[in-house]
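A.B. asks: Sequence plus predicted model, see below.
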Amino acid sequence: MPMIEIQDLHKAYGDRKAVDGVSFAVEEGEIFGVLGPNGAGKTTTVECVAGLRVPDGGTVRVAGLDPVTRHEEVTRLLGVQLQQSELQPKLTVREALGLYASFHDRPADWRVLVERLGLEGQLGTRFGRLSGGQKQRLFVALALVGNPRAVVLDELTTGLDPRSRRETWALVEDIRAGGVTVLLVTHFMEEAQRLCDRIAVIDRGRVTALDTPAGLIDRTAASRTVSFAADTPLDRADLLALPGTVEVETRDGRTSVTGTDETVDAFIHLLARRAVTARGLRVVEATLDDAYLDLTGADRS
Ligand SMILES: Nc1ncnc2c1ncn2[C@@H]1O[C@H](COP(=O)(O)OP(=O)(O)OP(=O)(O)O)[C@@H](O)[C@H]1O
């Protein structure tokens, strides 16, 4: 049984369809990413997973349970860190952890969490005085304090500086290594590429692609670029005629051919047939960024 299963989820606010038929399943032990432009329906989807919103249609299950009708049990299984969470500004880190731990029958030892999250020095600090990164780490601690089997992390690293972001990534890997399934909503391609086993790309309330990061990259029409300097010039028309070529560009004596794996193979054969030596040959893979723009048709994010 998947840890989280969503089938044909629909949710509208008035006549605005926020989620319009989303389906995916997150297996136990996975880091599963949800990626998409602003307003795509990502937060609404994970709020339905957490039982904080009631779907208009479709089903949501967490370890086989309906998060609305079995809310209490799901709360015990699922830790949630939502976007733009706030706490009472006067509450100290120690008080917040103690309070959240008291909601659970078998809470984790929050002192261990504090150490893992590097918050030992802030136990007596009031929430209102924490830095952005410290607040994020506290929310992760609060999501984990109930010893959940799965955790929802919504835009965990938004607003963090690059160093804190990298530290947070290590933390997410650590959470998974501890056996917790992770559902991660993110805007950052590098984050998704580095952390996620699989990614659902959501656009306008629908899943437009679902695959591993490498699988998503392979789907783009321009997944590889081969660049080289040829000792004898190659005919541009021959390069454009290679299977899958989407672009041929020559600059400063170097030619770049963009296409797929098949384009690169055909290019190597062409060199052999023409007995041309290509100097400084390099093959560069597209990034998830390129794939994402292709899949969402978006410079809207
Ligand atoms: N409480 C609400 N009332 C009315 N409309 C809402 C509400 N929450 C979200 N929406 C709308 O529903 C759509 C989906 O929003 P949602 O927050 O789920 O998207 P998102 O993908 O998480 O976006 P972002 O990346 O900007 O956080 C958007 O058009 C948004 O304006």
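C.D. replies: Arrived safely, thanks for sending. Numbers count the residues shown, from 1 in each chain.
A.B. asks: is any part of the stretch of helix or strand residue 295 belongs to close to the ligand?
C.D. replies: Per DSSP states H and E, residue 295 falls inside helix 288-296. No. Judged by Cβ under 6 Å from any ligand atom, helix 288-296 stays clear of the ligand, getting no closer than 11.3 Å. Every C-beta, even on glycine, is put in place using the N, C-alpha and C of the backbone.
A.B. asks: Can you spell out which helices and strands pack onto that helix?
C.D. replies: If contacts are counted by 3 or more Cβ pairs under 8 Å, 6 or more residues apart in numbering; DSSP states H and E, helix 288-296 sits against helix 189-195, strand 198-203, strand 206-211, helix 213-219.
A.B. asks: repeat that for 10 Å
C.D. replies: In terms of contacts (3 or more Cβ pairs under 10 Å, 6 or more residues apart in numbering; DSSP states H and E), helix 288-296 is packed against strand 31-35, helix 189-195, strand 198-203, strand 206-211, helix 213-219.
A.B. asks: With distance to the ligand added, can I get these in a markdown table?
C.D. replies: Putting these into a markdown table (distance: least, Cβ to the nearest ligand atom, whole Å) gives the following:
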| stretch | distance to the ligand |
| --- | --- |
| strand 31-35 | 8 |
| helix 189-195 | 13 |
| strand 198-203 | 7 |
| strand 206-211 | 12 |
| helix 213-219 | 18 |
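A.B. asks: for these, which one ends up most surrounded?
C.D. replies: The highest average neighbour count among the helices and strands packed on helix 288-296, using mean count of other Cβ atoms under 10 Å, belongs to strand 31-35 at a mean of 26.
A.B. asks: Grab the CA positions of that strand and hand them over as CSV.
C.D. replies: Below are the C-alpha coordinates for strand 31-35, written out as CSV (Å, rounded to 0.1, in the frame of the first residue of the first chain):
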residue,chain,number,x,y,z
ILE,A,31,11.2,11.6,-1.1
PHE,A,32,8.4,12.7,-3.5
GLY,A,33,8.5,16.2,-5.0
VAL,A,34,5.6,18.3,-6.1
LEU,A,35,6.8,21.0,-8.5
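A.B. asks: The helix or strand just after it vs the ligand: in contact?
C.D. replies: Next helix or strand after strand 31-35 toward the C-terminus (DSSP H and E): helix 42-49. Yes. Using Cβ under 6 Å from any ligand atom, helix 42-49 comes into contact with the ligand via 42, 43, 44.
A.B. asks: Counting by contacts, list what helix 42-49 packs against.
C.D. replies: Using 3+ Cβ pairs under 10 Å, 6+ apart: helix 42-49 touches strand 4-13, strand 16-26, strand 31-35, strand 57-62, strand 78-81, strand 150-154, strand 181-186, strand 198-203.
A.B. asks: can you do 7 Å?
C.D. replies: Here helix 42-49 touches strand 4-13, strand 16-26, strand 31-35, strand 57-62, strand 150-154, strand 181-186, going by 3 or more Cβ pairs under 7 Å, 6 or more residues apart in numbering; DSSP states H and E.
A.B. asks: Now do that helix against strand 181-186, angle only.
C.D. replies: Angle, helix 42-49 to strand 181-186, by axes from the mean of the first three to the mean of the last three Cα atoms, to 10 degrees: 150 degrees.
A.B. asks: who's in contact with helix 42-49?
C.D. replies: 4, 6, 9, 11, 18-19, 22, 34, 36, 53, 55, 60, 62, 67, 83, 152, 154, 183, 185, 202 (Cβ atoms under 7 Å, 6 or more residues apart in numbering).
A.B. asks: what's the angle from the helix or strand hosting residue 165 to strand 150-154?
C.D. replies: Taking DSSP H and E as the definition, one finds residue 165 inside helix 162-177. Orientation of helix 162-177 against strand 150-154 (the same axes, to 10 degrees) gives an angle of 160 degrees.
A.B. asks: Would you mind listing the buried residues in helix 162-177?
C.D. replies: By 16 or more other Cβ atoms under 10 Å, the buried positions in helix 162-177 come out as 164, 165, 167, 168, 169, 171, 172, 175, 176.
A.B. asks: Pretty sure the second one sits against residue 157.
C.D. replies: Just to be clear, that refers to residue 165. Yes. Using Cβ atoms under 7 Å, residue 165 is in contact with residue 157, at 4.4 Å.
A.B. asks: about what we covered before: mean pLDDT added to the helices and strands packed on helix 288-296, as JSON lines?
C.D. replies: Converted to JSON lines, the helices and strands packed on helix 288-296 look like this (pLDDT from 0 to 100):
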{"stretch": "strand 31-35", "mean pLDDT": "96"}
{"stretch": "helix 189-195", "mean pLDDT": "89"}
{"stretch": "strand 198-203", "mean pLDDT": "94"}
{"stretch": "strand 206-211", "mean pLDDT": "94"}
{"stretch": "helix 213-219", "mean pLDDT": "88"}
